[in-house]
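Engineer: Using only what follows, build the 3D model:
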Amino acid sequence: MQRMICATLLAFGGIFGAVNLFCCDLVVGAERPNILIAIADDQSYPHTSAYGDPVIKTPAFDRVARNGVLFRNAFTPAPGCSPMRAAFLTGREIWQNREAGTHASTFPRDLPVFTDQLASAGYHVGMTGKGWAPGNASGWPHNPAGKAYTSRKVKTADRIKGISSNDYSGNFEEFLKARSDDQPFCFWFGASEPHRTYQEGVGADHGLDPAKIRMPGFLPASMQVRSDVADYLFEIQWFDRHLGQMLDQLAESGELENTLVIVTSDNGMPFPRAKANLYEFGIHMPLAIAWPARVPAGQDTDELVSLIDVTRSIFAAAGVQPAQAEALSGRSLLPRIVKDADEIQPAREFVYSGRERHSSSRFNSLSYPCRCVRTKTHLYIRNFTPERWPAGAPQKYLGAKYDQEGKLVESRLSPKHGGYHDIDNGPTLMWMIANQSDPAVGNLLQAAVAKRPAEELFDIREDPDCLNNLAGDPQFARVQTKLSDKLTEYLTETGDLRQ
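Structural biologist: This is a model prediction of the structure:
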């Protein structure tokens, strides 16, 4: 009956004008919600129109935010895709996930994930696109994010270089067809966008004006770099387009009202000093959540949130008690966002993030381990191995040549600046390397690749680009000590072997 009435309202909307498709209040309170999780691949916090970006248009993200909650201070547990996705699936910090806490490793089968637990509770669970990846999930019957639906492809005529051939919204439709009547679902939409590579110039070709882009201070504002950012923004719009089509499918079937919709990203934009870094543009994520049956529309909050809090919220919404609940580091957001909540929960004062190895950019695949704590005003970072290169050595070792007697004849190295594999290669990195003789460009390149001190501290209010390290400044000694002690305390409590 719920689906039929909402479908009828949708039809009348076509005759009489726009209908708020989140407004049908027809769901019995005890009915378990559907869950739709949409995760972009490499999207930093500011890049949606709901946050005021002057160039990009993200109507689907804005629709979810408008009809639920827009979070302005959400943070990823790791600035890289593989460890973040493992943390999100388990609800644990990366250092609690053993091998799955680093990039492109393995996912131990005994780590409990919310997708398995929802399936055991009767949910129809599946995914399309990028689930937990990259890495080896041997021993699992399918990707830890769920059974994959991949049969539908984008028409060849509509393909754009760098865009996945996966028809995400089409595969969501196939997923819905495969469930039993009235079975609640949990679907993971993992886009491959805006991960590199990009079709150069595609952003400008689709109306994204590079000259109007609001550039972060850690990137040069040249037209070449602006054009690269425009291409990145275009791929976010592609992700958003498929999300919008999924929302439309749910509205037409009358199921949007009782669907918990979560839209976020795994880590920051694939540019120097963003992705794979614990700076703002690496860890600060977009996040919008809607559940019209339970969550009042129009909420806008700057409270601190970790994406592993979202995991705990999924369990709470589904009414599923998580396995090994004591190991989950997050806490449910529902008491602060649902109507008629039974409990009042204090706001977070601190959120945490960390990384280990991102790529094999150092000899013997050594990592660059670091951890951070973020408050509403400051970001404190601890680099455990400051003697290592954060983005990879400027020249990587390619091998050696020996004579017949076994004596070393030649050691082969890559070209200079050829080893920065913790930065996704692309026009921006190449342009910065080529133009580093310009002092302004050279300084920004070094900010991305040079060795870093053991401690870093940034005032986010004055320096959101994280370029002015305040660690060691006597004026900020009290803040540095407080956050250093807080990070030590948390890492110790949660069993971080680095600590």
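Engineer: Show me where the protein has its strands.
Structural biologist: With strands called from DSSP state E, the chain shows them at 34-40, 69-75, 124-129, 147-148, 185-190, 259-265, 284-290, 299-306, 351-355, 370-374, 378-383, 397-402, 408-413, 455-459.
Engineer: where in the protein is pLDDT low?
Structural biologist: 1-30, 341-342 (pLDDT under 70).
Engineer: Just give me the longest helix of it.
Structural biologist: Criterion DSSP state H: the longest helix present in the chain is helix 223-253.
Engineer: Next, the buried residues of that helix.
Structural biologist: 224-247, 249-251, 253 (16 or more other CB atoms under 10 Å). C-beta here means a position set from N, CA and C on the backbone, and glycine is covered the same way.
Engineer: for stretch 465-484, same thing?
Structural biologist: Neighbour counts over stretch 465-484 (16+ other CB under 10 Å) mark 465-466, 469-471, 476, 479-480, 483-484 as buried.
Engineer: what's the span of that stretch, first residue to last?
Structural biologist: Using CA to CA, to the nearest Å, the end-to-end distance of stretch 465-484 comes to 21 Å.
Engineer: for stretch 72-83, same thing?
Structural biologist: One end of stretch 72-83 to the other measures 23 Å (CA to CA).
Engineer: What values do phi and psi take at Thr48?
Structural biologist: When read as degrees, to the nearest 10, the backbone of Thr48 gives phi -140, psi 160.
Engineer: What is the neighbour count of it?
Structural biologist: 28 (other CB atoms under 10 Å).
Engineer: Please report the distance of the residue nearest to it when sequence neighbours are not counted from Gly399.
Structural biologist: Spatial nearest neighbour of Thr48, excluding adjacent residues (CB to CB, 6 or more residues apart in numbering): Thr58 at 4.3 Å. Distance, Thr58 to Gly399, by CB to CB, to the nearest Å: 46 Å.
Engineer: who's more crowded, the two?
Structural biologist: The residue with more neighbours, out of Thr58 and Gly399, is Thr58; 28 against 8, by other CB under 10 Å.
Engineer: That one and Ala50 touch, don't they?
Structural biologist: Yes. Thr58 lies in contact with Ala50 (CB atoms under 8 Å); the separation is 6.7 Å.
Engineer: how far away is the residue nearest to Thr48 from His242?
Structural biologist: As for Thr58, its distance to His242 is 12 Å (criterion: CB to CB).
Engineer: same question, Asn34
Structural biologist: Distance, Asn34 to His242, using CB to CB: 17 Å.
Engineer: just Gly201 next, same as before
Structural biologist: 22 Å.
Engineer: got the angle between the longest helix of the chain and strand 284-290?
Structural biologist: 20 degrees (axes from the mean of the first three to the mean of the last three CA atoms, to 10 degrees).
Engineer: helices and strands around helix 223-253, which ones?
Structural biologist: Where contact means 3 or more CB pairs under 8 Å, 6 or more residues apart in numbering; DSSP states H and E, helix 223-253 is packed against helix 2-16, strand 34-40, helix 59-66, helix 168-177, strand 185-190, helix 202-205, strand 259-265, helix 427-434.
Engineer: Repeat the analysis, applying 7 Å as the threshold.
Structural biologist: helix 2-16, strand 34-40, helix 59-66, helix 168-177, helix 202-205, helix 427-434 (3 or more CB pairs under 7 Å, 6 or more residues apart in numbering; DSSP states H and E).
Engineer: Burial-wise, tell me which of those comes out on top.
Structural biologist: strand 34-40 (a mean of 26; mean count of other CB atoms under 10 Å).
Engineer: Put the alpha carbons of it into PDB.
Structural biologist: C-alpha atoms of strand 34-40 as PDB (Å, rounded to 0.1, in the frame of the first residue of the first chain):
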ATOM      1  CA  ASN A  34      16.200   0.000   3.500                       C
ATOM      2  CA  ILE A  35      19.800   1.200   3.400                       C
ATOM      3  CA  LEU A  36      21.500   2.800   0.400                       C
ATOM      4  CA  ILE A  37      25.100   3.700   0.800                       C
ATOM      5  CA  ALA A  38      26.800   5.800  -1.900                       C
ATOM      6  CA  ILE A  39      30.500   6.300  -1.700                       C
ATOM      7  CA  ALA A  40      32.500   8.400  -4.100                       C
END
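Engineer: How far away from the center of its chain is that strand?
Structural biologist: Strand 34-40 sits 12 Å away from the centroid of its parent chain (CA atoms, centre = their mean, to the nearest Å).
Engineer: what's the closest of the helices and strands packed on helix 223-253 to Ala318?
Structural biologist: Checking the helices and strands packed on helix 223-253 against Ala318 by CB to CB gives strand 34-40 as the closest, at 6.8 Å.
Engineer: ok and the closest one relative to strand 185-190, angle-wise?
Structural biologist: Put simply, strand 34-40 runs at 0 degrees to strand 185-190, going by the same axes, to 10 degrees.
Engineer: could we number from 40 for the rest of this?
Structural biologist: Will do, 40 is the new start, and the previous item becomes strand 73-79.
Engineer: Direction included, what does strand 73-79 pair up with?
Structural biologist: If you go by DSSP bridges, strand 73-79 pairs up with strand 224-229 (parallel), strand 298-304 (parallel).
Engineer: can you put those in JSON lines and add distance to Leu258 and mean neighbour count?
Structural biologist: Output for the strands paired with strand 73-79, formatted as JSON lines (distance: least, CB to CB, whole Å; neighbours: other CB atoms under 10 Å):
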{"stretch": "strand 224-229", "distance to Leu258": "26", "mean neighbour count": "25"}
{"stretch": "strand 298-304", "distance to Leu258": "18", "mean neighbour count": "27"}
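Engineer: how about the helices of the stretch 390-538 of the chain, start to end?
Structural biologist: Under the criterion DSSP state H, counting those that start in this stretch, the stretch 390-538 of the chain contains helices at 466-473, 478-488, 516-532.
Engineer: Could you tell me how far the residue nearest the centre of the chain is located from Leu343?
Structural biologist: Ranked by distance to the mean C-alpha position of the chain (CA atoms, centre = their mean), the top residue is Asp305 at 1.6 Å. Separation of Asp305 from Leu343 (CB to CB): 19 Å.
Engineer: ok, Phe389 - contacts?
Structural biologist: By CB atoms under 7 Å, 6 or more residues apart in numbering, Phe389 lies in contact with 412, 414, 525.
Engineer: okay, now the closest residue to the first one other than its chain neighbours: neighbour count?
Structural biologist: With CB to CB, 6+ apart as the measure, Leu526 is the residue that lies nearest to Val412, at 4.4 Å, once sequence neighbours are left out. Neighbour count for Leu526, taken as other CB under 10 Å: 22.
Engineer: So what pairs up with the closest residue to Ile78 other than its chain neighbours in the strands?
Structural biologist: Among residues not flanking Ile78 along the chain, Gly229 sits closest, at 5.1 Å (CB to CB, 6+ apart). Note on Gly229: beta-bridge partners by DSSP bridges are Ile78, Gly168.
Engineer: how far away is Gly229 from Asp442?
Structural biologist: Taking CB to CB as the measure, Gly229 falls 51 Å from Asp442.
Engineer: And Ser368, by the same measure?
Structural biologist: For Ser368 relative to Asp442 (CB to CB), the value is 56 Å.
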